[in-house]
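> only geometry, no sequence info:
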């Protein structure tokens, strides 16, 4: 017993240190458990808080994303709608914009149209050139009218010479020339009563005779000279669309004096030209006859031609 006491006394500081250490450990353990719980609680709170914050953030982000996406969708849709409506908006925005817009649209449409027309014209030109190329090797006659609305000239017949292209020389030629209203004799009932005395018994106003003319002169110029030399009244009018004169009356006998289909026509070598008398260039020894028709040429053999 004494030995134990002596041992404890001798090692009292050691045991005190151990006891203190134990106490500290116990205290530390107790404190540590509480701290751990607090830390766990804090951590849990932190986690909850973080989770909540994260959820809030995520929700917020989702909402923002959804909102942004919705806005973007609305914006894109709006832009698409505006893009579709832009021409209308551009035109109707204001007067200045409207004018500019209309000019632009018209300009673009005009360019497109011009492009199409150019291609079409080019195509037609190519086709025309091809047709013309074929025509040079084909005996087929053209069916197109000229710029003065003249039907195609029958093969072998002289083509018209425009007055502005006429060349008259000093060479003197001769032709046979006459003026007749004999058809009226068979249609006296249709004749204007005031004109009866003007019709010769034989129908000849100017009997066939040889007359002189200068090379290059037209049927009209010879008619004018014959009427002037023989004091025969003659009246005419210029028809620009046909680029020729139209004989309205000779010897005071006018168109429609003997019915609605009556008037003057001319023939050269028994052919009634389908163009005006001032476009027909007379040749040497031609036989020219001016005839009054009461039935649009049918009674004198010229129903296929246009009146002179």
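Ah, there it is. For clarity, every value in this text was computed on a predicted model and none was experimentally measured.
> domain ranges for this structure?
As assigned by automatic domain parsing, the chain contains the domains 2-87, 171-293.
> Lowest average confidence across those domains, which one?
Per-stretch mean pLDDT for those is lowest at domain 2-87 (a mean of 52).
> Please enumerate the strands of the stretch 151-300 of the chain.
Taking DSSP state E, counting those that start in this stretch, the strands of the stretch 151-300 of the chain run over residues 172-180, 204-214, 234-239, 244-250, 253-254, 263-268, 287-293.
> May I see the ones you listed arranged in JSON lines, with mean neighbour count as well?
In short, each C-beta sits where N, CA and C put it, glycine included. As requested, those are exported to JSON lines (neighbours: other CB atoms under 10 Å):
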{"stretch": "strand 172-180", "mean neighbour count": "18"}
{"stretch": "strand 204-214", "mean neighbour count": "15"}
{"stretch": "strand 234-239", "mean neighbour count": "14"}
{"stretch": "strand 244-250", "mean neighbour count": "21"}
{"stretch": "strand 253-254", "mean neighbour count": "20"}
{"stretch": "strand 263-268", "mean neighbour count": "22"}
{"stretch": "strand 287-293", "mean neighbour count": "22"}
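> Minimum distance to residue 196: which of those has it?
Comparing the strands of the stretch 151-300 of the chain by their distance to residue 196 (CB to CB), the top pick is strand 253-254, with 10.7 Å.
> Would you give the sheet partners of that closest one, along with the direction of each?
According to DSSP bridges, strand 253-254 forms sheet pairs with strand 244-250 (antiparallel).
> Just the angle for the strand it pairs with relative to strand 263-268, thanks.
120 degrees (axes from the mean of the first three to the mean of the last three CA atoms, to 10 degrees).
> contacting residues around strand 244-250?
148, 163, 179, 181, 205, 220, 223, 227, 232-239, 254-255, 257, 264, 266, 275-279, 290, 292, 307-308 (CB atoms under 8 Å, 6 or more residues apart in numbering).
> 7 Å - rerun?
Outside strand 244-250, the residues that touch it by CB atoms under 7 Å, 6 or more residues apart in numbering are 179, 205, 220, 232, 234-239, 254-255, 264, 275-279, 290, 308.
> So residue 152 is in contact with residue 143, correct?
Yes: counting by CB atoms under 7 Å, residue 152 does reach residue 143; the two are 6.1 Å apart.
> Identify the residue spatially nearest to residue 214, adjacent ones excluded.
Nearest residue to residue 214 in three dimensions, chain neighbours excluded: residue 168, at 5.2 Å (CB to CB, 6 or more residues apart in numbering).
> Look up how far residue 226 lies from the one you found.
Computed with CB to CB, to the nearest Å, the distance linking residue 168 and residue 226 is 17 Å.
> Give me the more crowded residue out of those two.
residue 226 (20 against 13; other CB atoms under 10 Å).
> give the contact list for that one.
Residue 226 neighbours (CB under 7 Å, 6+ apart): 177, 206, 211.
> cool, and residue 153?
Shown in contact with residue 153 (CB under 7 Å, 6+ apart): residue 159.
> Tell me how far it lies from residue 159.
On the measure of CB to CB, residue 153 and residue 159 end up 5 Å apart.
> measure stretch 249-262 end to end?
11 Å (CA to CA, to the nearest Å).
> Pull the contacting residues for residue 239.
Taking CB under 7 Å, 6+ apart, one finds residue 246 in contact with residue 239.
> Please apply the same query to residue 181.
Neighbours of residue 181 in contact, by CB under 7 Å, 6+ apart: 199, 203, 205, 253, 292.
> thought the fourth one was touching residue 200?
By that I understand residue 253. No: using CB under 7 Å, residue 253 makes no contact with residue 200, being 10.5 Å away.
> Residue 152: neighbour count?
13.
> Please report phi then psi for it.
For residue 152, the backbone dihedrals are phi -50, psi 140 (criterion: degrees, to the nearest 10).
> Check residue 146 too.
According to degrees, to the nearest 10, residue 146 has phi -80, psi -180.
> gap between it and residue 272?
For residue 146, the distance to residue 272 - CB to CB - is 18 Å.
> more neighbours, these two?
Shown here are residue 146 and residue 272; by other CB under 10 Å, residue 272 has more neighbours (21 against 15).
> For the more buried one, which residues are in contact?
Taking CB under 7 Å, 6+ apart, one finds 265, 297, 302, 304, 305 in contact with residue 272.
> which residues pair with residue 254 across the strands?
residue 249.
> what's stretch 289-296 in contact with?
Contact with stretch 289-296 is made by 178-181, 183-184, 187, 190, 223, 250, 253, 258-259, 261-267, 299-300, 302-303, as judged by CB under 7 Å, 6+ apart.
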